[in-house]
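# Have a look at this prediction, sequence included:
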Amino acid sequence: MIQANFLYQFAANNNWPVAARSGKFTIGILGNTSVFDQMSEKYAAKPIGTQTIEIVKLTSISDNRFFHILYIDKSKKSELTKAVKEYKTKNTLIVTNWEGAMQAGAQINFKTIDGNIRYELDDASMKEKKITAGVKILQWKVE
């Protein structure tokens, strides 16, 4: 539930480029049915600005499909390299949950600290994608 909440917060509290502010706000979930279910139940009806949220359950990285946020679970970590390549020039925030994912190209990575889920953030990588971390997002990150 915490990861789903954080994903919604990343969507709502980061500043997205103008080109990404029309149509649906799309979040792809790869490899974690429980995060997908929680996102669908709790957040699918909530807007991101003027955009409605579309939550997509993925079994692999799909070419030519744009996502604002792409969450890749550790059970699908082998897909990260393809995702980094596919979304290199797109305004897609890649979020993961395993050690070493930041070095492999993720912009945000969940980690457990003292039994609590927190996240690390690569602000420079986000800026390359023209996504500016919001104040709340920066306050909640861990070093």
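All right, it came through fine.

# Break down the chain into its helices, ranges please.
Using DSSP state H, the helices of the chain run over residues 2-13, 33-43, 80-86, 123-128, 135-140.

# Identify each buried residue in stretch 134-143, please.
Using 16 or more other C-beta atoms under 10 Å as the test for burial, stretch 134-143 gives residue 137. The way it works is simple: take the backbone N, C-alpha and C, and place the C-beta from them, glycine included.

# can you list contacts of it?
9-10, 13-15, 111, 113, 118-121, 123, 133 (C-beta atoms under 8 Å, 6 or more residues apart in numbering).

# if we go to 7 Å?
Stretch 134-143 has contacts (C-beta atoms under 7 Å, 6 or more residues apart in numbering) with 9, 10, 13, 14, 15, 113, 118, 119, 120, 121.

# measure it end to end?
With C-alpha to C-alpha, to the nearest Å as the measure, the ends of stretch 134-143 fall 16 Å from one another.

# that older thread, just the helices of the chain: most buried one?
Counting by mean count of other C-beta atoms under 10 Å, helix 2-13 has the highest mean neighbour count of the helices of the chain, with a mean of 19.

# and that helix, what does it pack onto?
Using 3 or more C-beta pairs under 7 Å, 6 or more residues apart in numbering; DSSP states H and E, the elements in contact with helix 2-13 are strand 25-30, helix 33-43, strand 69-72, strand 93-96, strand 116-121, helix 135-140.

# Mean pLDDT and distance to residue 50 added to those, as TSV?
Shown next, in TSV, are the helices and strands packed on helix 2-13 (pLDDT from 0 to 100; distance: least, C-beta to C-beta, whole Å):
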stretch	mean pLDDT	distance to residue 50
strand 25-30	97	9
helix 33-43	96	16
strand 69-72	98	17
strand 93-96	98	19
strand 116-121	94	26
helix 135-140	92	20
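
# Present these as JSON lines; the columns should include distance to residue 83.
Output for those, formatted as JSON lines (distance: least, C-beta to C-beta, whole Å):
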{"stretch": "strand 25-30", "distance to residue 83": "8"}
{"stretch": "helix 33-43", "distance to residue 83": "16"}
{"stretch": "strand 69-72", "distance to residue 83": "6"}
{"stretch": "strand 93-96", "distance to residue 83": "6"}
{"stretch": "strand 116-121", "distance to residue 83": "17"}
{"stretch": "helix 135-140", "distance to residue 83": "20"}
